[in-house]
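Participant: Everything below, folded, please.
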Amino acid sequence: MGSRRVGAGTVVGAMDTPPEPTDAPDPEVDPSADGAPRRPRSTARLVAISVCIALVGALLAGLVTSLVIGGDDDPGPAAGATDLDLGEPIDTAELLGVELLHVDGTPTSLGELLTDKPAVVNLWAQSCAPCVKEMPLLEAAAKANPDVDVIGVDTQDQLDRALVLAQRTGITYPWVQDPDGDFFYAARAAGMPTTLAVSPDGEVLAAKTGTFTSEAELQRWIDGYLG
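Facilitator: You can find the predicted model right below:
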């Protein structure tokens, strides 16, 4: 603990001679006509800073609220915050050429699966609970959009378990396996489920990681990128 040095014969807190009276105004009192006490400058600055912080907080809260509430009214592609910034473009040739497997074990690829229609390509796994929850929405989208192909890609999964899941969820759209995850990496996926909007020539127009929460949300996404 630090200590303050004091001269010999001096008592701390005492003074040898009383201070001389001064006519200088008290710094805490406003020398105005009415002589009313004035708020200290430091307190005034603190109040001003607090007001600024409160205003900034209110603005940020309003912005967050508008983003959350406004999502349902936006007619454009849904859930833009979860759409991936693809950054460096996906190598279309690589994506189309990655070897995939039909459920009977015969090889195929996205290039062979694509038709003259745009496609929704959904990467999933039977161990991914959000993927399982989303699959009925994709089935509904496949039936509601005959001009769009829906293709499932089961990534790094056990075939027997994947078959059981496909039967349990009732999906009828075609799905293939990505046994080593090569397609997952070629698609630059960040997690599962990941859904790609793909043009008939194989160009990835949009990518979303995370589940669609409703048929309406998925339909807006399809209309926004493939409509």
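Participant: Now do the buried residues in stretch 189-207.
Facilitator: For stretch 189-207, a neighbour-count test (16 or more other CB atoms under 10 Å) marks 189, 192-198, 202, 204, 206-207 as buried. Quick note: C-beta positions are derived from backbone N, CA and C, even for glycine.
Participant: do stretch 143-154 as well
Facilitator: Taking 16+ other CB under 10 Å as the criterion, stretch 143-154 shows 145, 148-154 as buried.
Participant: for stretch 97-117, same thing?
Facilitator: Within stretch 97-117, the residues that count as buried by 16+ other CB under 10 Å are 98, 100-101, 109-110, 113-114.
Participant: And it, end to end?
Facilitator: Distance between the two ends of stretch 97-117: 18 Å, counting by CA to CA, to the nearest Å.
Participant: which outside residues touch that stretch?
Facilitator: For stretch 97-117, the surrounding residues in contact (CB atoms under 8 Å, 6 or more residues apart in numbering) are 95-96, 119, 121, 147-149, 151, 153, 159, 162-163, 174-179, 182-183, 186, 198, 200-202.
Participant: that older thread, the buried residues of stretch 97-117: which two are farthest apart?
Facilitator: Greatest spatial distance among these (CB to CB): Leu101 and Leu114, at 16.7 Å.
Participant: before we move on, back to that, restricted to strands, list the contacts of stretch 97-117.
Facilitator: Of the positions in the contacts of stretch 97-117, 119, 121, 149, 151, 153, 175-178, 198 sit in strands, assigned by DSSP state E.
Participant: Same list (these) but as a markdown table, adding distance to Gln219 and pLDDT.
Facilitator: Putting the ones in strands among the contacts of stretch 97-117 into a markdown table (distance: CB to CB, whole Å; pLDDT from 0 to 100) gives the following:
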| residue | distance to Gln219 | pLDDT |
| --- | --- | --- |
| Ala119 | 15 | 98 |
| Val121 | 17 | 98 |
| Asp149 | 15 | 98 |
| Ile151 | 17 | 98 |
| Val153 | 21 | 98 |
| Trp175 | 20 | 98 |
| Val176 | 24 | 98 |
| Gln177 | 27 | 98 |
| Asp178 | 26 | 98 |
| Val198 | 17 | 98 |
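Participant: Can I get those in a markdown table including distance to Ile222?
Facilitator: Shown next, in a markdown table, are the ones in strands among the contacts of stretch 97-117 (distance: CB to CB, whole Å):
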| residue | distance to Ile222 |
| --- | --- |
| Ala119 | 10 |
| Val121 | 12 |
| Asp149 | 11 |
| Ile151 | 13 |
| Val153 | 17 |
| Trp175 | 18 |
| Val176 | 21 |
| Gln177 | 24 |
| Asp178 | 22 |
| Val198 | 12 |
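Participant: and which of those residues is nearest Asp91?
Facilitator: Val198 (13.5 Å).
Participant: Please name the spatially closest residue to that closest one (chain neighbours excluded).
Facilitator: Nearest non-adjacent residue to Val198, counting by CB to CB, 6 or more residues apart in numbering: Ala119, 4.6 Å away.
Participant: Tally up the residues packed near that neighbour, please.
Facilitator: Ala119 is flanked by 20 other residues according to other CB atoms under 10 Å.
Participant: Kindly report the same for the one 4 residues further on.
Facilitator: The burial metric for Leu123, expressed as a neighbour count using other CB under 10 Å, is 25.
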